[in-house]
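Chemist: Here is a sequence with its predicted model. Questions after.
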2 protein chains.
Amino acid sequence: MTTDALIAPEHTAVEVPEDRLRRAKEASRAVARLTSDEKKAALHAIADALIAHRAEIIAANAEDLRRGEEQQIGASLLDRLRLDEARIDALAAAVRQVAALPDPVGELVRGQRMYNGVLLEQRRVPFGVVGVIYEARPNVTVDIAALALQSGNAVVLRGGSAARSSNTVLVDVMRRALEAQGVVGDAVQTVDDFGRDGARALMRGRGLVDVLVPRGSAGLIETVVTESIVPVIETGAGNVHVVLDASAPEDWARDIVVNAKVQRPSVCNAAETVLVVREAADRLIPSVVAALQAEGVTVHGDEAVAALASGIVPATEEDWETEYLSLDIAMRVVDTLDDAIAHIRRYSTGHTESIVTADVRNAERFLDEVDSAAVFANASTRFTDGGEFGFGAEVGISTQKLHARGPMGLPELTSTKWVGRGSGQVRG
Amino acid sequence: MTTDALIAPEHTAVEVPEDRLRRAKEASRAVARLTSDEKKAALHAIADALIAHRAEIIAANAEDLRRGEEQQIGASLLDRLRLDEARIDALAAAVRQVAALPDPVGELVRGQRMYNGVLLEQRRVPFGVVGVIYEARPNVTVDIAALALQSGNAVVLRGGSAARSSNTVLVDVMRRALEAQGVVGDAVQTVDDFGRDGARALMRGRGLVDVLVPRGSAGLIETVVTESIVPVIETGAGNVHVVLDASAPEDWARDIVVNAKVQRPSVCNAAETVLVVREAADRLIPSVVAALQAEGVTVHGDEAVAALASGIVPATEEDWETEYLSLDIAMRVVDTLDDAIAHIRRYSTGHTESIVTADVRNAERFLDEVDSAAVFANASTRFTDGGEFGFGAEVGISTQKLHARGPMGLPELTSTKWVGRGSGQVRG
């Protein structure tokens, strides 16, 4: 890190990552006081600047891609890393979408006149400094900066080394756009150039970083949760289940299972396991499996499933634990709804589960007893999504129970504050 | 720990603290489904049992007191440790008060019909297992168990070794009272007998413990925040400030400063530092200091304060940082409101601050720019309190920004869950 800091032209020889966190904290006070109109103007300036600097961004991105090819990081990572004109335009459009969302800051959460006349209110305020640790995708750099700014926060970014050149330019473009609008550029910072020390500073930055959001692989999230002494909002994996109850209507069962698996297999709210209550197995499994196979899905089933359909790959314990994120699904016959709930309790990551049933008692039991961020009766698991819920922006989907659970919108990037206005009241 | 486990008669040789966490998790599912009436009955049964077992509790407490005296833990700690008939009656009354509070579980936070007809609602649900790590006060054992149960949670307690005998009996009495009501006793557990391993298990209990609340000294809280990989709700210290603005009415200034310091000096919302804007120093300092001294308060002042009043102890840098929790207060003259806000930014713990002013612009600036859990204009800092805010119960006062900020009521011991009811909807 010392070497890095010495050669990087924008640093003095003695700069440490904590200096940036302190500058972000200072900047956060200015950002917190921006009006909605000022924030909107700043975000549109960022969008304009992204378009204006497309060539520069694409050139930096080409360096990352070249390095990625040399290091043979694989086609799918390379694709996530790639920025072209169309993708930069999409990034700018996403920033404008965030600018159009309602400003959560200042919202009155609740309020009352106290017994003694003090006017008391709980108002939504920014966190202050939001830290984000993420992996190769340079679009996250811009997305999360826009979300943080619109919710009145400064942001300190720590992206993956694979996207370092792209991120450096993106952060620089955003900072210059802010400064041109009279907003302090230190509201958007990166600690990428400090390498591991940058991530460590974010995780140890109590008093400087108000909340830390890890975005990426299960390993990254695990590391941040384990090492951070700053409060963390965890966005987790989804080992998502669909239960076909004894009374499940065949068309709903088929449509929901196929949609939950196939509509976008690579995302966290896609279904990974289907549990069929034994009473419905003969009636439902042949047609559900056929519908899945017609969409190119490989079904990993237990013996009871294999007895009712062809082309079943034998399922092992590992299949119940796996978040495939691909055109694969596990399927198991269970004796009762209780067994289905017990299976979910054991294997679910607490993201989303759905039951297909015509029985109101079983529907309500499932909705009540399954302890996941989102539970559905007779609807696809793919609905657990900030956009679908009408939040506009995609901060992530929390699988923890503290602060935010399920899809997070802009309000989840804020805290609250109690404000009391009196006229000399004292406590008796 | 192994030795402990072997000699403790209630354990099998192989029991580890994680076994209790697992049993608490299992029990939490039953507690989550109790109706409000069932929880109320369970809490009244606990209150009755505390009264019925007073002698047993007092005998166990006597052991703790004897050990405490031998170890010379000091008069104030001994007093906190002591349980007598009146204090047990007060404990039982507190449990009945919690039983009378509105049940937060099931509250509809928000809801809508989605664009496709799915009925979506966000409901308040229990966390599951609440862990608490605290120090010598045995009353916390009962208070927190009652709060956890009323909010539908199981609780795992780790009290200080000084109160171990008392806590063992209190937990046992509560568990038996629950069982007699048909509520699983494992809903209330202690890991005290595992010593440090019990605390460690709570802090490492991801997936078994849903939230961990440290209650006690700054050192204890720091340890839990640093070591826990379970989400923590931090209840922090209060280095609380009162600012006397240039236009502060003299009577409000005097009344509020005296009340904020004197009404109960040992608590976190008591004032510790008064900042006087220079323009008001001549006018306010003599009478405010005289009023404080008349109540037995020692004023630690800077030179400007000492020039205007007698009996001032010279203040040092350390005074600005100190949470006295005693009849001492620091006082400093600052040039402007900006300087007062800068002082607060540097020294405050973010708990509560108040300004006394007749100037609406300065009041609003202060309320807006001071980044604390509660900010007041023209009212005593002592109002930052769950009881004063009308919450009924005192879970603690959070000085963190995630999940809960300021006084925490029962709803702050819950999470939420999204529930969707459809009729076969899939995502397009």
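Modeler: Cool, the structure landed.
Chemist: top strand in chain A by residue count?
Modeler: Longest strand of chain A, by residue count under DSSP state E: strand A:414-425.
Chemist: Averaged pLDDT, that one. What do you get?
Modeler: The average of the pLDDT scores along strand A:414-425 is 98.
Chemist: Same question for stretch A:388-395.
Modeler: 83.
Chemist: First-to-last residue distance for that stretch?
Modeler: Counting by CA to CA, to the nearest Å, you get 13 Å between the two ends of stretch A:388-395.
Chemist: Please determine whether it lies in contact with chain B.
Modeler: Yes. Counting by CB under 8 Å from any CB of the partner chain, contacts between stretch A:388-395 and chain B involve A:388-390. Every C-beta, even on glycine, is put in place using the N, C-alpha and C of the backbone.
Chemist: May I see the buried residues of that stretch?
Modeler: A:388-389, A:391-395 (16 or more other CB atoms under 10 Å in any protein chain shown).
Chemist: For whatever residue of the stretch 251-400 of chain A ends up closest to chain B, give me its contacts.
Modeler: Per CB to the nearest CB, residue A:379 is where the stretch 251-400 of chain A lies closest to chain B, at 3.0 Å. Contacts for residue A:379 (CB atoms under 8 Å, 6 or more residues apart in numbering or on different chains) come out as A:256, A:354, B:118, B:420-426.
Chemist: Swap in 10 Å and give it another go.
Modeler: A:252, A:256, A:259-260, A:354-356, B:114, B:116-120, B:420-427 (CB atoms under 10 Å, 6 or more residues apart in numbering or on different chains).
Chemist: now chain A, which segments are flagged as low pLDDT?
Modeler: Residue ranges of chain A with pLDDT under 70: A:1-13.
Chemist: and residue A:85, how many neighbours?
Modeler: Other residues near residue A:85 come to 12 when the count uses other CB atoms under 10 Å in any protein chain shown.
Chemist: you'd agree it is up against residue A:55?
Modeler: Yes. The pair residue A:85 / residue A:55 is scored as a contact, 9.1 Å apart, by CB atoms under 10 Å.
Chemist: Quickly list the domain ranges of chain A.
Modeler: A:2-227, A:240-383 (automatic domain parsing).
Chemist: End to end on the last one, go ahead and measure it.
Modeler: As for domain A:240-383, its first-to-last residue distance stands at 12 Å under the measure CA to CA.
Chemist: Stretch A:187-194 too?
Modeler: For stretch A:187-194, the end-to-end distance is 18 Å (CA to CA).
Chemist: host element of residue A:253?
Modeler: helix A:250-262 (DSSP states H and E).
Chemist: the strands in the stretch 301-428 of chain A, which residues?
Modeler: A:313-314, A:328-334, A:352-356, A:374-379, A:396-398, A:406-408, A:414-425 (DSSP state E, counting those that start in this stretch).
Chemist: Can you say which of those is packed in most?
Modeler: strand A:352-356 (a mean of 31; mean count of other CB atoms under 10 Å in any protein chain shown).
Chemist: What is that strand packed up against?
Modeler: Counting contacts by 3 or more CB pairs under 10 Å, 6 or more residues apart in numbering or on different chains; DSSP states H and E, strand A:352-356 packs against strand A:240-244, helix A:250-262, strand A:271-277, helix A:278-294, helix A:337-347, helix A:360-369, strand A:374-379, strand B:414-425.
Chemist: In a markdown table, list these along with distance to residue B:206.
Modeler: Formatted as a markdown table, the helices and strands packed on strand A:352-356 follow (distance: least, CB to CB, whole Å):
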| stretch | distance to residue B:206 |
| --- | --- |
| strand A:240-244 | 20 |
| helix A:250-262 | 27 |
| strand A:271-277 | 21 |
| helix A:278-294 | 34 |
| helix A:337-347 | 16 |
| helix A:360-369 | 22 |
| strand A:374-379 | 21 |
| strand B:414-425 | 15 |
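Chemist: out of these, nearest to residue A:322?
Modeler: strand A:271-277 (6.7 Å; CB to CB).
Chemist: Alpha carbons of the closest one, as CSV, please.
Modeler: Output of strand A:271-277 as CSV, limited to C-alpha atoms (Å, rounded to 0.1, in the frame of the first residue of the first chain):
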residue,chain,number,x,y,z
ALA,A,271,-36.6,-21.2,-7.3
GLU,A,272,-34.1,-23.9,-6.6
THR,A,273,-36.1,-26.7,-5.0
VAL,A,274,-39.7,-27.9,-5.4
LEU,A,275,-41.3,-29.9,-2.6
VAL,A,276,-44.3,-31.9,-3.5
VAL,A,277,-46.7,-33.2,-0.8
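Chemist: That strand near chain B anywhere?
Modeler: No. Residues of strand A:271-277 are not located near chain B by CB under 10 Å from any CB of the partner chain, the shortest gap being 11.3 Å.
Chemist: Nearest spatial neighbour of residue A:335, chain-adjacent residues omitted?
Modeler: Nearest residue to residue A:335, sequence neighbours excluded (CB to CB, 6 or more residues apart in numbering or on different chains): residue A:278, at 5.3 Å.
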